[in-house]
Structure formats: C-alpha cells, structure tokens
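Participant: Please work out how this folds:
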Amino acid sequence: MVGTNFYLMTNKIPAIRPSWLPYLLILCFSISALTTVAQDKGDEDKTMANSVKTRDQKAIDEAMQSWWPASMKTRNSRLTWWRDARFGIFIHWGIYSLPAGEWEGKNIGGYAEHLMRKAKIPRSTYLELAHHFDPTKFNADKWVQAAKYAGMRYLIITAKHHDGFAMYNSQVSDYNVVKQTAWKHDPMVDLAAACKKYGIKFGFYYSHAFDWEHPDAPGNDWDYQNPGGDLNLFGGRDWYDVHPELLPKAVNYVDKKAIPQIKELITRYHPDILWFDTPQKLPLSENIRILKAIRETDPNIIVNGRLARGSGNLQLGDYKNTADRPAEFFPVIGDWEAIPTTNESYGYSKFDKSHKPVSFFIRLLAKATSRGGNLLMNIGPMGDGEFAPEDTAILQGIGRWMSKNSASIYQTTKTALPYQSWGVSTRKNNLLYLHVFNWPKNGQLIVGGLKSGISKAWVLADKKELKFSRLDPLDVAIHLPAQAPDTSNTVIVLETTTGKIETDTVRLLASRETTNRLLAFDARLEGKGFGFGDGKTSSYYVEGWKNTNQSVNWDFRLIEPATYKILLKYAADNVDEGTYELSSGNHKVKGSVEAIAKGVQVKEQELGTVSLEPGAHSLSITPVEIKKAGLMKILEIQLIPVSTP
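Facilitator: Sure, this is the predicted structure:
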C-alpha cells in the first residue's frame, strides 16, 4: 500500500505560518515520490500519493492562501474523539458481496470487492448482478452492537466503492442500492441511526478517484478504454500528466458525480468522518478541490489521509494512513491509522479462509496504540447481510478481552518506555499499561528503562495487586504469578509517583528465555536512501540499501551476562544480492544474500552466537559488496538466549 523513503522536501510550497506547519510536514519517513508510470500490479498501489506538478502547485497555493489554514485551526478539536477511540470497524459491503469472489464458476482471487475489475465485467452485466442483491438478513442494530461489544468506537462503511455503485439512495445517480436492487432499501439510514443509538461515531468510505461505472472516471478500461486501469493506457499511472487533454473528462466526473455524492452523504447522514482511497487515480489538483468542497460543506468532519497527499511530504488530510493488512508498524510521527482485515480480502470472499486468530488482533491493537496509532479493523459482511461466522468469532474474542482491558487502549498515548522484549506499553497520565505477550517463566517481569518511581502495580483484568522491586536506577522487576491470566495479552498497570514519566531510551534485552526481536523498523539507520516496506507479514522490512555507506544498527543494554544465537530474517527477491558483515562487540561474521528468480520469499540465516557482558552494546550490519540494485530487504534480527550450564 505505502512505499516510504526518507528524503528532503524539494517541491515548491509557499511560506506558511509555523503554528500549522507541523500538520503539513510531519513525516520523517513519508510517502516517496513517484518514479514509474505503470500501474502497480495487484489490488493495491505502492504509494497512493501524487507527484506535484505546476497544475497541482497552483491548487496548493490557492488552498494555502485561503481556506486550508482556517481548516487546520479546528483540527485538534475534530480529532479529539478519534484520538480517544483508538479502535474502529471498517466495513466493505456492496453488491460484490453476493458473488463473494466467484465469477462464472471461478475463484477470481485477491480482493473480492475488486471483482468487477478483475473479471472485466461489463457495466451492463454488473447491473444485472445488482438486480439480484437482496440482503434480507441485514440488521443495522446487530452490526453496530457487534462492533460495540468488540470495543470499537467508530464505524466506517463503503458508501460507494470502486465499482461506482452507491450503497445508499443517491439522488445524483440511479446506480444505487434503492433503485437497482431487489432489496430497494437504504442501509445507511439504518446504520446512521444505530450508531447514534449505541454511541458509535459514524462515517463513510467513498471511492472518489476510481469509478468503474462512470464513463468519464478513471479505471474502467474494458468498457470505456479509460486511463487509470490495468492496461496502462495513455501513459499509465500518471495519465493526467502524459495526456492532460484527457483531464476534462475526469473533471466532468468529479463535478457531476463525486463532489455531488460526497455533499449528499454529508448533508443527509451527517457523518463524523470520511475515508478516501487511491488518490493517485486523479491529479492532486482534483483531490484538493474535493477536499475544499468537504470543508465548505461541513468543516467539522474528519478526513483521512488518502484524499490529498503528495510528494514532498505533502499531507492535507487530518491524519496519516499507513498500511493495509499490517503485521508490524513502521515509525510515523503524528496521528495515524492502519487497516487490517480479518483474512486477506476486504470484501467478503467465500474462498478466503485465512482468518487470523483473535490474539493477532488483540496484540496488533496494543502495538498500534503503543506507537500512537489507531486500528480500523475490517469486516466483509456476506451478501445476505450477515457477518460471516469467522468474523463474528473474532469480534467476540476481541470483545471479551476489551471488556476487561479497554482502559489500556482508550484515551491512551504513545508509550514513554523503550522497546521491551515481553511486549509493548501504553500510557495514560501517570499510568503505564504493560501489555505482556511473552509471560516470563521465572515470574519476574523486568521493565527496562523506567526511571520514575512506582507507587502501585496490579493486573488490570482482576485488580490483583503485585509486588515490585527496583533492580537499578533504570530497571524495575514486577513479581508475577506463575501462569499468565491471559495468554494473548495480560495487562499490568503501573502507577508512577509523578505525572511526568521519566525513562531511558535504550532498550533492555532479555537475557533468558524470551527471544529478542530487533525489527528493522526499529533500527537506527545510518546513511541516506532507506525506505520502509508496508508492514505486512512478509514486508515489514527496510529497503533501499543501495550503497556501502548505509548501515542498519540497534542499540541495547544488558544487566547480566548473556549468550545469544543470532538469526537474520529477510525478504529475498530478484533485485537484491550481496555480502555483508554483522558485528556486535568483538563478534564479527560475514554473510551473503542471494537473489531468487521471481517472487518474494522470507528467508532465515543463522549467524552463530555472541556472548555479551552487562552494559551498553550495539549490533550493526554493513554491506561489503552490493551485487544488484540493493543488498537486501531486512526484516529483523533475533537474539535468542542460549541456556548455559
């Protein structure tokens, strides 16, 4: 979804006041400039951002000199409820939910909501599918109650996805759920009312830049031979720069359908938040024009980060969107949100049974919150209007955990502690919430880097008090029961003696039992050119390792002697190959990375053992020879304690 690189801003941006400069330029590792004109293969785009051209710069200048500064004055008040919520439900539901990933007897694969594009279904045929859509089991109250039980505090649903079909009674286009389906019902009326009834914030996903129904919109190259689709017509991804004479057609679509429908959604349903996607399908100037229309219609609506963003760290939304289907999170400064889904499709697919366990989402929520982010977890309801049993089970499992531990999520902020081997932590005023994923067998949880005093410690779920002792000025031991009360995530609360929590920034490694994962996302990167993968299961890597002046480093401490087995994990592909040296203290070892013919494979290398004494240390990987485009896409180093007699 997101490709990121560290670079200096080079595009022309007008002088702007320091008071709201941080909202525009707040990523250190941010959206990379576009370098190719071909569409990304598959169902996602790597950057989802625009390059800034002269046309776009005029739109930026106009915004900066008129409406945009005023909109930023109320940004914090808009975001208050969103920051407190931390957890929401994303719902992809449309007429594509009825075939559930199947067309003409075949499993189309990938994202089920992309069925029309992937199967190249003509608009007339897709409309026939709509006529059969009759989700009589839909019950808005049940949907919202399920989300509320799971601890979700906001709900965002697809009002119109890329297929162009409105899931509400639009007066702008007859291509909608009331006028074209057997159901003839507006579910958004019910959902808006149910969210209000149960105290859940309500919002819409609207595909503004990708519309396979409208003859003037980008994306449909099988009916209309339009740009922005898989055939890479008219210059591919950046068609509006290569063939600007085609832009008036897209402007007509924005004027006649996108903006009127967005205004319709705002004035009729009064959403709290609007969520956009695939901004690269339109030029930045059009995306800014849409954002302006939203601010003029209702200045209090939150707008996500995928409507108007571009190269040069340009961010005009209220917060940043990071990864689709993440397993780990790259560093982000400011407000951000990630969107996992229960399996690998956002729309319902009857073929996709790759549902993740409840523990995955419980831990992912804690990880996101610990880094100052929100989690918007997706559910794809079935074509009959009900949640799939697998999704219901996941929501109920999360809900059971949240019923006892939600205080460690809601209204919390980014942790003050360094990374911990046993899990993550969140903070609320003078309280630290320790999310323990790896329960220590010896009954002693060592909290590394906590300088502040502790007045009390307890298990959040059952309020049972725990004893604690200070080991040294930087570290505290919490004395735990032998068995973890919750193997997914047991939360320990520490009440500190002062409101300002003082910490040491260097992580403390576990010397026994627990594997220490040194993620590439958490490394100290030396040299220019590095970027981040999107955080999926096989792409939580650092990339852009193109010269021998770059190195990946981790700093850490030990409070007792330890010996570790060293394990390197990386994503092998056909563009990276070379040799490297890993060093820590007196331990040095050389290794090599070989390219593979095609695809991506996660590989592991054992690099011997290292014995370290108490004190400060670092582990570094430096290139010796880079034989192809880069050295490797490194995922992590694992330091696995070795038992000694």
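
Participant: Point out where the stretch 201-350 of the chain drops to low pLDDT.
Facilitator: Applying pLDDT under 70 to the stretch 201-350 of the chain flags no residue at all.

Participant: Setting aside sequence neighbours, what's the nearest residue to Lys456?
Facilitator: Glu495 (4.3 Å; Cβ to Cβ, 6 or more residues apart in numbering). From N, CA and C alone the C-beta is placed, and that goes for glycine too.

Participant: And the next helix or strand past the strand or helix carrying the one you found?
Facilitator: Secondary structure from DSSP states H and E places Glu495 in strand 490-496. Next helix or strand after strand 490-496 toward the C-terminus (DSSP H and E): strand 507-508.

Participant: need the longest helix for the chain.
Facilitator: Using DSSP state H, we find that the single longest helix of the chain is helix 389-405.

Participant: Can you work out which other helices and strands pack against that one?
Facilitator: helix 140-149, helix 358-370 (3 or more Cβ pairs under 8 Å, 6 or more residues apart in numbering; DSSP states H and E).

Participant: Can you show me the strands along the stretch 151-300 of the chain?
Facilitator: Counting by DSSP state E, counting those that start in this stretch, the stretch 151-300 of the chain has strands at residues 154-160, 201-206, 273-275.

Participant: Tell me the spacing between the residue nearest to Glu286 when sequence neighbours are not counted and Trp401.
Facilitator: Distances taken as Cβ to Cβ, 6+ apart place Val254 nearest to Glu286, at 5.5 Å, with adjacent residues excluded. Distance, Val254 to Trp401, using Cβ to Cβ, to the nearest Å: 43 Å.

Participant: Check Asn176 too.
Facilitator: 38 Å.

Participant: which one of the strands of the stretch 151-300 of the chain lies closest to Asp352?
Facilitator: strand 154-160 (17.6 Å; Cβ to Cβ).

Participant: wait, isn't Gly109 in contact with Gly101?
Facilitator: Yes. Here Gly109 reaches Gly101: they are 7.4 Å apart, a contact under Cβ atoms under 8 Å.

Participant: Find residues that contact each of the two.
Facilitator: The contact sets of Gly109 and Gly101 overlap at Phe351 (Cβ atoms under 8 Å, 6 or more residues apart in numbering).

Participant: and the spatially closest residue to Phe361 that is not a sequence neighbour, what does it touch?
Facilitator: Leaving aside its chain neighbours, Phe361 sits nearest to Ile398 (5.6 Å; criterion: Cβ to Cβ, 6+ apart). Applying Cβ under 8 Å, 6+ apart, one finds that Ile398 lies in contact with 150-151, 358, 361-362, 365.

Participant: Can you name the two of those that sit furthest apart?
Facilitator: Gly151 and Val358 (12.3 Å).

Participant: Between those two, which has more neighbouring residues?
Facilitator: Shown here are Gly151 and Val358; by other Cβ atoms under 10 Å, Gly151 has more neighbours (23 against 18).

Participant: what's the spacing between Asn321 and Pro135?
Facilitator: 28 Å.

Participant: Now for Thr297: which residues touch it?
Facilitator: Neighbours of Thr297 in contact, by Cβ under 8 Å, 6+ apart: 262-263, 266-267.

Participant: What about these, which are in helices?
Facilitator: 262-263, 266-267.

Participant: ok, and what's touching stretch 607-617?
Facilitator: Outside stretch 607-617, the residues that reach it (Cβ under 8 Å, 6+ apart) are 506, 555-568, 582, 584-585, 587, 589, 591, 639, 642.

Participant: Inside strands: which ones of the residues you listed?
Facilitator: 555-558, 562-568, 582, 584, 587, 589, 591, 639 (DSSP state E).

Participant: List buried residues within the residues you listed.
Facilitator: 555-558, 562, 564, 566-568, 582, 584, 587, 589, 591, 639 (16 or more other Cβ atoms under 10 Å).

Participant: Can you pick out the most distant pair from the residues you listed?
Facilitator: Longest span within those, Cβ to Cβ: Arg557 and Gly591, 25.4 Å.

Participant: Near the residue nearest to Val575 when sequence neighbours are not counted, how many other residues are there?
Facilitator: Nearest residue to Val575, sequence neighbours excluded (Cβ to Cβ, 6+ apart): Ala629, at 4.4 Å. Other residues near Ala629 come to 16 when the count uses other Cβ under 10 Å.

Participant: from now on call the first residue 381
Facilitator: With the count now opening at 381, the last piece we talked about shows up as Ala1009.

Participant: Phi first, then psi, for Tyr728.
Facilitator: The phi and psi values for Tyr728, taken as degrees, to the nearest 10, are phi -70, psi 130.

Participant: before we move on, what about Met757?
Facilitator: Dihedral angles (degrees, to the nearest 10) for Met757: phi -90, psi 130.

Participant: tell me the contacts of Lys637?
Facilitator: 552-553, 591, 594, 597.

Participant: got a winner among those residues for most neighbours?
Facilitator: Asp591 (30 neighbours).

Participant: nearest spatial neighbour of that one, skipping sequence neighbours?
Facilitator: Ala597 is the one closest to Asp591 (Cβ to Cβ, 6+ apart), at 3.6 Å.
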